[in-house]
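Colleague: Need coordinates for the below:
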Amino acid sequence: MKRILAAALLCTALATPAIAQTAAPAPVPSAAPATDWTVKPEWISAHVRFLAGPELQGRGSATRDEAIAAAYVAARFQGYGLQPAPGADSYVQKVKVVRPRLEGEPGLTVAGKAVKGATLILGGADRVTGTATLYAGADAAGVPAGEVLFVSNPALAPSAAIRAARGRGAKLLILRASEATAKLWEQIGKQPRLTSYLAGQPPQAGLSVIVLPAAAFDKAAKAAGKPVDMTLPGLIREEVETTNAVGYLPGTDPAAGVILLAAHVDHLGVQPDGTVMYGANDDASGVAAVLELAHAMSSGKRHKRGILFAAFGAEEMGGFGSRAFAAAPPVPLKDIVANLAFEMIGAQDPKLPAGTMMMTGFERSTLGPALVERGALVAKDPYPEQNFFARSDNYQLALRGVVAHTISGWAVTPTYHSPQDTIANLDIPFMARAVQSLIGPVRWLADSDYRPDWTPGGKPGE
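Modeller: Numbering: from 1, shown residues only. Prediction:
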């Protein structure tokens, strides 16, 4: 999970504000529809062992390793009897992305004096100028409006500060170094998140975030009301290619619509210090779910509705695989009845009943309750403050009106974005049971006339 973490994570800050939610006990599902298909744990394990094994070096976004992972998924799709997506002659889709990278430190001057030791966390523009405003409070709600915000209180989580700064229209946020900012830097791979964009579609300028050592911050923050200038002198732009894998199971009634089941195939790859981020849970586990749902749904009789199965690339870079898919879908978006994405289903969330997964934005539409009624072991997201709904590939479809959600296991697992996200830390039996619980409900969705709707205020942008 576009960009999945506890409150300190940068990904949280990149999301839009969530609709107010309250955690509730998981709905009690009715008896699952009978199915003659059994998901075998060894099938799940085989997928994850390849995708998160040492050979693929963490499947970095828009790398050869990601392309190999997508080729594996495409081969499985073909082996299960799926077809390429409508209008396509291949199971893979190549997407060109411009990826900036920064060599060296950002340039920072405050009141005309250079400040050394700055670490760029998030780069939303090549250059930022503005007037400094200092905020020493611990409550994100009190963050003032301003072009350049200095936030000094370590009690205010970096992610909360970032969300607040963006909400106030700030161009640059400068944080005082703390344990939380150090953890954040570790979790984003010790390299700045610069704004990548689809080739030919440069983005609008966004928020930039810098961390300063304590002494440098304290000195610079005295210049409230003075001009601040940030530049990126070592900025390099390179065009890279990410890879989607898409398979299609045609339905018997073209007018009935299509279901989209998806996950992201990439992870964080190899870090600058050589550490491999294997990404077994994030998101080899989700890809395994999509593959085994394709395996099950392609066996037996044809379904009324067509089903698209997708493994999107470059989610960790900004959801570019799903963005490209949503911008040029193989079927009209109005024909996509629902989208279920699968993200980090490799561990049981201790807040949820045994065997149960969470669905992001559960209360935003009628889809979750309908699936629960048919036996799906899914429940409300117990972390509403994290706004996970807007932090995975489902969001690109939801922004365009498709009822789209992500199903996850333990979304704040301690192995998130760490070298410990390996197959050794997955609960394979839990994954097999979780996928098994979805086969009946997905078959029902594929064979029925039911169309989910957004609940009042649930559609993004409403």
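Colleague: longest strand of the protein?
Modeller: Across the chain, the longest stretch assigned as strand under DSSP state E is strand 235-249.
Colleague: What's the mean pLDDT across it?
Modeller: Taken as a whole, strand 235-249 has an average pLDDT of 96.
Colleague: With stretch 95-106 instead?
Modeller: Here the average pLDDT along stretch 95-106 is 92.
Colleague: And stretch 182-194, by the same measure?
Modeller: Averaging pLDDT along stretch 182-194 yields 86.
Colleague: for stretch 454-462, same thing?
Modeller: Average pLDDT, stretch 454-462: 92.
Colleague: Buried ones in that stretch, by neighbour count?
Modeller: Of the residues in stretch 454-462, Trp454, Thr455, Gly458, Lys459, Pro460 count as buried by neighbour count, 16 or more other CB atoms under 10 Å. Every C-beta, even on glycine, is put in place using the N, C-alpha and C of the backbone.
Colleague: With secondary structure and distance to Pro272 added, can I get these in TSV?
Modeller: Listed next are the buried residues of stretch 454-462 as TSV, based on DSSP: H, G, I helix; E, B strand; the rest coil; distance: CB to CB, whole Å:
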residue	secondary structure	distance to Pro272
Trp454	strand	42
Thr455	coil	44
Gly458	coil	41
Lys459	coil	40
Pro460	coil	35
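Colleague: With respect to Thr63, which of those residues is nearest?
Modeller: Set against Thr63, the nearest of these by CB to CB is Pro460 (30.3 Å).
Colleague: Kindly list the main-chain dihedrals of the closest one?
Modeller: Taking degrees, to the nearest 10, you get phi -60, psi 130 for the backbone angles of Pro460.
Colleague: hang on, it packs against Leu397?
Modeller: No. Using CB atoms under 8 Å, Pro460 makes no contact with Leu397, being 10.0 Å away.
Colleague: Tell me the span between the first and last residue of stretch 226-237.
Modeller: Using CA to CA, to the nearest Å, the end-to-end distance of stretch 226-237 comes out at 31 Å.
Colleague: how distant is stretch 399-409 from the center of its chain?
Modeller: 11 Å (CA atoms, centre = their mean, to the nearest Å).
Colleague: Let me know whether Ser298 touches Tyr80 as I believe.
Modeller: Yes. Ser298 lies in contact with Tyr80 (CB under 8 Å); the separation is 4.5 Å.
Colleague: Flag the shaky bits of this structure, pLDDT-wise.
Modeller: For the chain, applying pLDDT under 70 flags the ranges 1-35, 462.
Colleague: where along the stretch 251-400 of the chain do the strands fall?
Modeller: Using DSSP state E, counting those that start in this stretch, the strands of the stretch 251-400 of the chain run over residues 258-264, 269-270, 276-277, 306-312, 336-343, 357-359, 378-380.
Colleague: any chance of those in CSV, plus mean neighbour count and distance to Thr131?
Modeller: Shown next, in CSV, are the strands of the stretch 251-400 of the chain (neighbours: other CB atoms under 10 Å; distance: least, CB to CB, whole Å):
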stretch, mean neighbour count, distance to Thr131
strand 258-264, 28, 40
strand 269-270, 18, 39
strand 276-277, 21, 39
strand 306-312, 28, 40
strand 336-343, 27, 40
strand 357-359, 27, 43
strand 378-380, 24, 43
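Colleague: out of those, nearest to Leu212?
Modeller: Closest of the strands of the stretch 251-400 of the chain to Leu212 is strand 276-277, at 26.7 Å (criterion: CB to CB).
Colleague: so which of the buried residues of stretch 454-462 would you say is closest to Gly200?
Modeller: Minimum distance to Gly200 across the buried residues of stretch 454-462 is 24.6 Å, recorded for Pro460 (CB to CB).
Colleague: can you give me the helices for the protein?
Modeller: Here the chain has its helices, by DSSP state H, at 10-14, 41-51, 64-79, 158-167, 179-187, 214-220, 285-297, 315-318, 320-327, 367-373, 394-398, 428-447.
Colleague: Nearest to Glu343, out of these?
Modeller: Closest to Glu343 of the helices of the chain, according to CB to CB: helix 285-297, at 5.1 Å.
Colleague: Give me the angle between the closest one and helix 41-51.
Modeller: Put simply, helix 285-297 runs at 130 degrees to helix 41-51, going by axes from the mean of the first three to the mean of the last three CA atoms, to 10 degrees.
Colleague: before we move on, the earlier item: in the longest strand of the chain, what's buried?
Modeller: The neighbour-count check on strand 235-249 (16+ other CB under 10 Å) flags Leu235, Val240, Glu241, Thr242, Thr243, Asn244, Ala245, Val246, Gly247, Tyr248, Leu249 as buried.
Colleague: Would you confirm that the fifth one contacts Tyr91?
Modeller: The reference is to Thr243. No. Counting by CB under 8 Å, Thr243 stays clear of Tyr91, with 10.4 Å between them.
Colleague: quick one, what contacts the residue lying closest to Ala324 once chain neighbours are set aside?
Modeller: Distance criterion CB to CB, 6 or more residues apart in numbering; nearest residue to Ala324, sequence neighbours excluded, is Val95 at 4.2 Å. By CB atoms under 8 Å, 6 or more residues apart in numbering, the contact set of Val95 is Leu198, Glu241, Thr242, Thr243, Asn244, Gly313, Ala314, Phe320, Gly321, Ala324.
Colleague: For these, give me TSV that also has distance to Pro154.
Modeller: Converted to TSV, the contacts of Val95 look like this (distance: CB to CB, whole Å):
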residue	distance to Pro154
Leu198	37
Glu241	41
Thr242	36
Thr243	41
Asn244	41
Gly313	36
Ala314	33
Phe320	34
Gly321	36
Ala324	39
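Colleague: That concludes my questions; thank you for your assistance.
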